[in-house]
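**Q** fold the following, please.
(one chain, ligands or ions: 1)
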Amino acid sequence: MSALFQLEKLFVAYHGVDAVRGVSLSAPRGAIVSVIGANGAGKSTMLNAAMGILPARGQIIFDGAPIHGLSVEERFFKGIALVAEKRELFASLPVEDNLALGRFRFRREGRAAAHAALDEVYDLFPRLRERRRQLAGTLSGGERQMLAMGRALMGKPRLLMLDEPSLGLAPLIVREIFRIVVSLRERGVSILLVEQNARAALQISDYGYVLENGRVSLEGPSAALQEDARVAATYLGFGAHRGDDGDDDADGDDDAAT
Ligand SMILES: Nc1ncnc2c1ncn2[C@@H]1O[C@H](COP(=O)(O)OP(=O)(O)OP(=O)(O)O)[C@@H](O)[C@H]1O
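**A** Residues are numbered from 1 along each chain as shown. Just a heads-up that it's a prediction; the model follows:
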């Protein structure tokens, strides 16, 4: 499988201090690639740099071409979308207006295309269809995550980057969200999934990277990572030692934290 997206020796700094330190990573077409790591490992920083929100050194390659010099909007038009950890919804607008904003850059395409995109998102997230007139600010945490993903999908991305989609959500909702992520892979969307919930991420991904202190410390097929003693001890809660993200099995949080 050829890579749709690659980072090569990516460095990202805040005030001269590197938070991401030489990360190389590859996301094949039609695959789910997960990046796991504790708080502060550099996961969000890496995604924000990949999207062009933060400046970075190193190579960022999409569909065989370097995109380093492109703006966020140009990357979006190439087919890259990021669902940020904070979801970044318009709380005082209804669900459907939030979704429509995900397509505003395509406004010249006309109503039929916009409706078709909306229908596709509603088919994927029937809950959003039921709540299409509800204000985004009144949605539950899980519904907000669905709306943030739905809005990103309105742009028909080829690469969907998800920053901690399970954050603050109850296990049942996490399962639903992750089931949808798997169905997106079946529809041909490539996924880069950043998660502290290592167990859930490795269960649905094809390949995984472990990020520690801004560096890739381990990588491999997700099934192999699940069997790896260091991953099990630090991120899956087995063995003598647990990492500082001990709440990684998604069963301790409620659904109202977002
Ligand atoms: N705006 C900022 N200014 C300065 N330092 C920052 C900023 N954002 C993040 N950092 C630092 O960069 C490092 C990486 O943070 P980042 O948010 O990328 O980690 P993360 O792996 O996504 O963690 P989390 O899961 O907690 O979001 C941390 O040490 C953090 O304190």
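**Q** so which elements touch the helix or strand containing Asp123?
**A** If you go by DSSP states H and E, Asp123 is part of helix 111-124. Packing partners of helix 111-124 (3 or more CB pairs under 8 Å, 6 or more residues apart in numbering; DSSP states H and E): helix 95-101, helix 126-130, helix 141-153, helix 171-186. Backbone N, C-alpha and C define where each C-beta goes, glycine included.
**Q** contacts for stretch 140-148, please.
**A** When contacts are defined by CB atoms under 8 Å, 6 or more residues apart in numbering, stretch 140-148 is touched by residues 83-84, 87-89, 95, 98-99, 125, 127-128, 131, 136, 139, 165, 168-170, 173, 176-177, 180, 254-258.
**Q** name the residue of the stretch 51-200 of the chain that lies nearest to the ligand.
**A** Gln196 (5.5 Å; CB to the nearest ligand atom).
**Q** what distance do you get for that residue to Leu25?
**A** From Gln196 across to Leu25, the span is 17 Å (CB to CB, to the nearest Å).
**Q** ok, now Arg215?
**A** The separation that Arg215 has from Leu25, given CB to CB, amounts to 11 Å.
**Q** more neighbours: these two, which one.
**A** More crowded of Arg215 and Leu25, by other CB atoms under 10 Å: Leu25, with 20 against 16.
**Q** the more buried one against Gly208, yeah?
**A** No: contact between Leu25 and Gly208 fails when scored by CB atoms under 8 Å: they sit 10.3 Å apart.
**Q** thinking again about what came up before, can I get the helix holding Asp123 in PDB? Just the C-alpha atoms.
**A** Extracted in PDB, the C-alpha atoms of helix 111-124 (Å, rounded to 0.1, in the frame of the first residue of the first chain):
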ATOM      1  CA  ARG A 111     -27.200  23.300  -3.400                       C
ATOM      2  CA  ALA A 112     -27.400  19.700  -4.800                       C
ATOM      3  CA  ALA A 113     -23.800  18.900  -3.900                       C
ATOM      4  CA  ALA A 114     -24.200  20.400  -0.500                       C
ATOM      5  CA  HIS A 115     -27.400  18.400   0.200                       C
ATOM      6  CA  ALA A 116     -25.700  15.200  -0.900                       C
ATOM      7  CA  ALA A 117     -22.800  15.800   1.400                       C
ATOM      8  CA  LEU A 118     -25.200  16.600   4.300                       C
ATOM      9  CA  ASP A 119     -27.200  13.400   3.600                       C
ATOM     10  CA  GLU A 120     -24.000  11.300   3.700                       C
ATOM     11  CA  VAL A 121     -23.100  12.800   7.000                       C
ATOM     12  CA  TYR A 122     -26.600  12.200   8.400                       C
ATOM     13  CA  ASP A 123     -26.500   8.600   7.200                       C
ATOM     14  CA  LEU A 124     -23.200   8.100   9.100                       C
END
